[in-house]
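> structure for this input, please:
(one chain, ligands or ions: 1)
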Amino acid sequence: MKTWRDFDVRAIQRIVQEHLGADREWSDARFTTFMEHATHDLSIPVPCRICGVQFPLNRLDHQCYPEDVWINGYVHSTHGSEIRRTGFQSHIERLQQKYPLAPQHHQLFRGLHFPTDAVFEAFADALDDNVYQCDTATSWTTDAQRAAQFARFMLKGGHEEALRHQEIRRMIDEQANMTGAFGVVLALTVRPDQVLCDIADARIGGFPESEVILLPGTYHVAIHDIFVRQAGTTVWPGTTDAVRLVGVL
Ligand SMILES: [Zn+2]
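Numbering: from 1, shown residues only. Okay, here's the model as predicted:
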């Protein structure tokens, strides 16, 4: 029998704390009492800590399945980890059956962030004839704006924290429009057999990233956007204003 302690309820804790105000005491004991009521009365979805699947607060009991445990591990993992390289292999069939590509999700985007010119140039050289080689399972999104966010900013988890903090400080000091040196958004028209799982609507782990995870492979991509660091820019451009340098590649 699962209880709310098996779920990631930090978001609820934050909301309740904001509601109470910072000056009100919110002890663990009070939160426990609150949750005992909430699990009867509230139907808001919360993700299981083990499998990442979301369940309504008033209907938490469930069985965790290994394929979901893999996805939950994946969405919390770092690039190049074992879970992305080979960890999915024994779950491929289940994942493809359970989370097939939705027909409206065949157009996907992937935001890549480059901390330095050299790293960007190496990527541009490797992207021969717009063929993108993936040796691991990779995350794509159905949302081009979301991909642009990944392309423009060093997000938590993707880079070393110290480098990320240093870059954020530099971005603020220089009033630049992004961290790092370059960002690229790749676009891809995907076939269902290339997809490991489409969790755009399932939101495993509670992430609102409209995510589709692809199998390792060779993908023919288009360059959707290229972002170039612009120092002294106080107004941050949207995707449509981004500098397009498709010819450079
Ligand atoms: Zn679970």
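> could you chop this protein up by domain?
The chain is divided into the following domains under automatic domain parsing: 4-64, 74-246.
> pick the most deeply packed of those domains.
Among the domains of the chain, ranked by average contacts under mean count of other Cβ atoms under 10 Å, first place goes to domain 74-246 (a mean of 17). In short, each C-beta sits where N, CA and C put it, glycine included.
> any residue of that domain touching the ion?
No: in terms of Cβ under 5 Å from the ion, no part of domain 74-246 sits within range of the ion; the closest distance is 10.1 Å.
> contact partners for R49?
By Cβ atoms under 8 Å, 6 or more residues apart in numbering, the residues touching R49 are D6, F7, D8.
> skipping its backbone neighbours, what lies nearest the second one in space?
Counting by Cβ to Cβ, 6 or more residues apart in numbering, V46 is the residue found nearest to F7 once chain neighbours are left out, at 4.5 Å.
> filter the contacts of R49 down to just the ones in helices.
In helices, judged by DSSP state H, none of the contacts of R49 are found.
> wait, which of the residues you listed is closest to V53?
Ranked by distance to V53 (Cβ to Cβ), the contacts of R49 are led by F7 at 10.1 Å.
> specify the beta-bridge partners of that closest one.
C48 (DSSP bridges).
> can you map out the helices along this structure?
Using DSSP H, helices in the chain cover 10-20, 28-41, 66-75, 82-85, 92-98, 117-126, 144-152, 161-173.
> elements contacting the longest one?
Yep, that's helix 28-41 we're talking about. On a contact count with 3 or more Cβ pairs under 8 Å, 6 or more residues apart in numbering; DSSP states H and E, helix 28-41 meets helix 10-20.
> same check on the fourth one?
Applying 3+ Cβ pairs under 8 Å, 6+ apart, one finds that helix 82-85 contacts helix 66-75.
> tell me the mean pLDDT over the helix it packs on?
Average pLDDT, helix 66-75: 95.
> so what does that helix touch, helix or strand wise?
Looks like helix 66-75 contacts helix 82-85, helix 92-98, strand 211-214 (3+ Cβ pairs under 8 Å, 6+ apart).
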